[in-house]
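Engineer: Fold the following for me, if possible:
(4 chains)
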There are 2 protein chains.
Amino acid sequence: MARKSKPTLADIAARTGYGTNTVSLALRGSTRISQGARDAIRAAAEALDYVPNNHAKSLVLQKSHTVGMLLQEITNPLLTSVARALQRKLAERGYSVMFATNATPEEEDRAIEMLRSRMVDGLLIYPVDHSRLDHLRRLRERNFPIVMMIGSEAEGLDSVGIDEFQGGFDATTHLIALGHRRIGALLLKEKNNEKLMGFRSAHQMHGLDYSETLCVDPIEHSTGAALRAMDQLAARHGDLTAVFAASDFYAVGILRWAHLNGLRVPEDLSIVGFDNLEIGQFAVTSITTVDNDVLLLADAAVARLGELMETDGHLPPARSKLFRGDLIVRESSARPAAALQAMARARPRR
Amino acid sequence: MARKSKPTLADIAARTGYGTNTVSLALRGSTRISQGARDAIRAAAEALDYVPNNHAKSLVLQKSHTVGMLLQEITNPLLTSVARALQRKLAERGYSVMFATNATPEEEDRAIEMLRSRMVDGLLIYPVDHSRLDHLRRLRERNFPIVMMIGSEAEGLDSVGIDEFQGGFDATTHLIALGHRRIGALLLKEKNNEKLMGFRSAHQMHGLDYSETLCVDPIEHSTGAALRAMDQLAARHGDLTAVFAASDFYAVGILRWAHLNGLRVPEDLSIVGFDNLEIGQFAVTSITTVDNDVLLLADAAVARLGELMETDGHLPPARSKLFRGDLIVRESSARPAAALQAMARARPRR
DNA sequence: TTGTAAGCGTTATCAG
DNA sequence: CTGATAACGCTTACAA
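Structural biologist: You can find the predicted model right below:
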């Protein structure tokens, strides 16, 4: 019963007495084939559990109907949601997803090579390093469709994302408007960090002193890393009354840190996160955050990638589509109260 | 400059004056080709930015070196971690991953068909419905390698996972040992839910009354859903002093629910979760949980799938590999104190 | 309405 | 050491 290898058009042809080409047409519902033949062929295909070989197809069609998805090796649930949304959107359009991860630039290069060898028609990517994009530019110049899922513009490359500069700015401005004067930040200190630039810009705009030391890089994207980063930050600045966190994951960690250090949120410490993860909404103290509309992003990214993939010949000029993430105010941010004194009392432990 | 379509072996052959065959061998480093020829061919390939066409290759080799990964449409960060770990393990072995999601049985069928048409050599899957596995069995009978990532045994199919029955049993036993006599549970009420069976079994084993009404199904896998489920549970059982949650995500939601209802954790309510998500470790009250060793699981799953994929002819009999998840005791579980009274006081709001 | 032949890019077999 | 030639499974002219 168990056939050695998968059934092919030829098998169906042999079984029904038609030619492979008739079978091919019939299975694709061509009206050039008689009703009777189509039915017979369909039945045979069914009986053999025939599945068309997409590799053979894409070889002749020069199109794989597959896109590559390259995701960072970070443990952010947002990524999962985005990946899912992208996959579903693509499936609607008849595209499949080949997926790989890029923890390092080298791994990113290898993964891209792998995806290209798999003949993907295009690439959706969270690049590891936003300041190292030349390899992607080169590909695009050779008319390979790429859409980056990042919240900032990049010369010569398409991107879709929540405007991170604006988000950082809005979050910080919210805290300043509440009356906070000493605001720390937990964010990646890579070059071109737009959230950081928004944070700094809000300080300047509102006449607040800004210092490099207000920012700590948790290095890892994890809740635990946020705790360690907060220890550092508190050691440097005893007068902090608020923190802007580049991710709700960090924000939740800060909640725990505050708890361990006897600080109440928001009375003693205000927190604003980023991404609007569900976990922040239902944290013991719900987290004020900048929303990241996953469906919207997925739609936009897939739409753009679709445009690029359907272009033949030269690709149109690159375009960035940045959405403004809504600030969602919840319990974790409020006016600073006896904040200064409280902070002074607390001695970071752990 | 921009070549219309991708360079092929023939292009390199034309450029170097060798035959495509020689080029093919040279690129794969065959010693049958002279050093000089190899160097020249390598250089030309480099210059043309040649990437081998895997589809053509797999057509002749009858092997795609790609595996399908079918993930449930649930927002559990555990899935992300597992997916990543699997992808990396597979990459080490030279396999790529084609990924799809299965929200419903129908979607699962479509996805499997898609993956088969993409010629995947095997399948890693979180099936949507653990009691509907016949379609997978049929495939395996036709010698298609499948490994399920689930924590229970299934006749005729390979699976790898944390033993969910044991985990449910251990978690519940822990609570009983602490002195809890009325324990609720938040878990999916599908047939064959092994965690539920472990929960029930622990009750019987320790002579505690068990009732269906102690379990509420949050339906969605989300923190918010846990809040609603807790409202139901508390309405039914005013004397609850502990809850077993099928996921740390739920556990974190219960933390919030307790906060909203004026209950302290663990003084008034103990919680045990599942999966050992980082978010539970660093929740304001850290969550007691059953560990899920992602790397271990990925290793085992990939190893087993590898065995199956390397078998030709008939597949060996199916085998389940279930690991025991360690119970990690943290702050969220303790002896019940003034628990009964506190619970009686609380009136669920929202 | 159906069959024949060529070709997609690669590897394998067999000569030279 | 290198080059023809066939084959993988499919689609698309072009014929019949």
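Engineer: which residues of chain A score low on pLDDT?
Structural biologist: By pLDDT under 70, the low-scoring segments of chain A are A:1-4, A:338-350.
Engineer: where does the stretch 201-350 of chain A come near chain B, residue by residue?
Structural biologist: Residues of the stretch 201-350 of chain A lying near chain B by C-beta under 8 Å from any C-beta of the partner chain: A:222-224, A:226-227, A:249, A:252-253, A:255-256, A:259, A:278-279, A:281-286, A:314. Yep, even glycine has a C-beta here, placed from its N, CA and C like the rest.
Engineer: restrict those to those near DNA strand C?
Structural biologist: Contacts with DNA strand C are made by none of those, judged by C-beta under 7 Å from any atom of the strand.
Engineer: Just the buried residues out of those, in PyMOL syntax.
Structural biologist: Under the burial definition 16 or more other C-beta atoms under 10 Å in any protein chain shown, those of those that qualify are selected in PyMOL by:
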select buried, chain A and resi 222+223+226+227+249+252+253+255+256+259+278+279+281+282+283+284+285+286
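Engineer: Could you list which of the residues of the stretch 201-350 of chain A next to chain B belong to strands?
Structural biologist: Among those, no member falls in strands (DSSP state E).
Engineer: Distance of the residue nearest the centre of chain A relative to chain B?
Structural biologist: Closest residue to the average C-alpha location of chain A: A:Leu79 at 4.6 Å, with C-alpha atoms, centre = their mean. Distance of A:Leu79 to chain B, computed by C-beta to the nearest C-beta, to the nearest Å: 7 Å.
Engineer: Which parts of chain A are strands?
Structural biologist: A:66-72, A:96-102, A:122-125, A:146-148, A:158-162, A:183-186, A:215-216, A:242-245, A:270-272, A:289-290, A:320-323, A:327-328.
Engineer: check contacts around A:Met114.
Structural biologist: Taking C-beta atoms under 8 Å, 6 or more residues apart in numbering or on different chains, we find A:Met114 in contact with A:Ala100, B:Ala91, B:Ser96.
Engineer: Pull the number of nearby residues for the residue nearest to A:Ile176 when sequence neighbours are not counted.
Structural biologist: In space, and not counting its chain neighbours, A:Ile176 is closest to A:His206: 4.9 Å by C-beta to C-beta, 6 or more residues apart in numbering or on different chains. Here the number of neighbours of A:His206 (other C-beta atoms under 10 Å in any protein chain shown) works out to 12.
Engineer: do the one 4 residues further on as well
Structural biologist: Other residues lying near A:Tyr210 total 15 when counted by other C-beta under 10 Å.
Engineer: Was I right to think it contacts A:Ala202?
Structural biologist: No. Contact criterion C-beta atoms under 8 Å: A:Tyr210 and A:Ala202 do not qualify, at 9.0 Å.
Engineer: Show me the residues of the stretch 201-350 of chain A next to chain B that map onto helices.
Structural biologist: Members of these lying in helices (criterion: DSSP state H): A:223-224, A:226-227, A:249, A:252-253, A:255-256, A:259, A:278-279, A:281.
Engineer: Of these, just say which sits nearest to B:Asp129.
Structural biologist: Of all those, A:Glu278 has the smallest distance to B:Asp129: 24.0 Å, by C-beta to C-beta.
Engineer: List the residues that contact the nearest residue to that closest one once chain neighbours are set aside.
Structural biologist: Spatially, and ignoring its direct neighbours in sequence, A:Glu278 is nearest to B:Thr223 (5.3 Å; C-beta to C-beta, 6+ apart). B:Thr223 sits next to A:Glu278, A:Ile279, A:Gln281, A:Phe282, B:Phe249, B:Tyr250, B:Val252, B:Gly253, B:Arg256 when contact means C-beta under 8 Å, 6+ apart.
Engineer: 7 Å instead, please
Structural biologist: Neighbour list for B:Thr223: A:Glu278, A:Ile279, A:Phe282, B:Phe249, B:Val252, B:Gly253 [criterion: C-beta atoms under 7 Å, 6 or more residues apart in numbering or on different chains].
Engineer: Name all residues that make contact with the third one.
Structural biologist: A:Phe282 makes contact with B:Thr223, B:Gly224, B:Leu227, B:Val252, B:Gly253, B:Arg256 under the criterion C-beta under 7 Å, 6+ apart.
Engineer: Is stretch A:116-123 positioned near DNA strand D?
Structural biologist: No. Applying C-beta under 7 Å from any atom of the strand, one finds stretch A:116-123 separated from DNA strand D by no less than 12.7 Å.
Engineer: if we look at that stretch, which residues are touching it?
Structural biologist: For stretch A:116-123, the surrounding residues in contact (C-beta under 7 Å, 6+ apart) are A:58, A:63-68, A:70, A:98, A:115, A:145-146, A:305, A:308-309, B:51-55, B:96.
Engineer: Buried ones among these?
Structural biologist: Buried members of those, scored by 16+ other C-beta under 10 Å, are A:58, A:64-68, A:70, A:98, A:115, A:145-146, A:305, A:308-309, B:51-55, B:96.
Engineer: Quick one: end-to-end distance for stretch A:187-207.
Structural biologist: 22 Å (C-alpha to C-alpha, to the nearest Å).
Engineer: Is A:Thr288 in contact with A:Ala334, as I believe?
Structural biologist: No. Using C-beta atoms under 7 Å as the test, A:Thr288 is too far from A:Ala334 to be in contact (9.1 Å).
Engineer: Residue of the stretch 101-250 of chain A nearest DNA strand D, please.
Structural biologist: In the stretch 101-250 of chain A, no residue comes nearer to DNA strand D than A:Met119, which is 12.7 Å away by C-beta to the nearest atom of the strand.
Engineer: Kindly apply the preceding question to the stretch 201-350 of chain A instead.
Structural biologist: For the stretch 201-350 of chain A, C-beta to the nearest atom of the strand, closest residue to DNA strand D: A:Asp312, 14.8 Å.
Engineer: number of nearby residues for that residue?
Structural biologist: A:Asp312, neighbours per other C-beta under 10 Å, totals 8.
Engineer: DNA strand D contacts on chain A?
Structural biologist: Within chain A, the residues that sit near DNA strand D (C-beta under 7 Å from any atom of the strand) are A:5-6, A:8-10, A:20-21, A:24-25, A:27-28, A:52-53, A:56-57, A:59-61.
Engineer: at 6 Å what do you get?
Structural biologist: For chain A, the residues found near DNA strand D under the criterion C-beta under 6 Å from any atom of the strand are A:5, A:8-9, A:20-21, A:24, A:52-53, A:56-57, A:59-61.
Engineer: Now distance to A:Asp217 too, for those residues, in JSON lines please.
Structural biologist: What follows is the residues of chain A next to DNA strand D, written out as JSON lines (distance: C-beta to C-beta, whole Å):
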{"residue": "A:Ser5", "distance to A:Asp217": "53"}
{"residue": "A:Thr8", "distance to A:Asp217": "55"}
{"residue": "A:Leu9", "distance to A:Asp217": "57"}
{"residue": "A:Thr20", "distance to A:Asp217": "60"}
{"residue": "A:Asn21", "distance to A:Asp217": "62"}
{"residue": "A:Ser24", "distance to A:Asp217": "57"}
{"residue": "A:Pro52", "distance to A:Asp217": "50"}
{"residue": "A:Asn53", "distance to A:Asp217": "49"}
{"residue": "A:Ala56", "distance to A:Asp217": "49"}
{"residue": "A:Lys57", "distance to A:Asp217": "48"}
{"residue": "A:Leu59", "distance to A:Asp217": "47"}
{"residue": "A:Val60", "distance to A:Asp217": "50"}
{"residue": "A:Leu61", "distance to A:Asp217": "47"}
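Engineer: Filter the residues you listed down to the buried ones, PyMOL style.
Structural biologist: Of these, the buried ones go into a single PyMOL selection, burial set by 16+ other C-beta under 10 Å:
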select buried, chain A and resi 8+9+24+52+53+56+59
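Engineer: Could you tell me how far the residue in the stretch 101-250 of chain A that DNA strand C sits nearest to is located from A:Arg264?
Structural biologist: The stretch 101-250 of chain A approaches DNA strand C most closely through A:Ser117 (8.3 Å), counting by C-beta to the nearest atom of the strand. Using C-beta to C-beta, to the nearest Å, A:Ser117 is found at 55 Å from A:Arg264.
Engineer: Counting neighbours, go ahead and name the busier of those two.
Structural biologist: Applying other C-beta under 10 Å to A:Ser117 and A:Arg264 shows that A:Ser117 carries more neighbours, namely 17 against 14.
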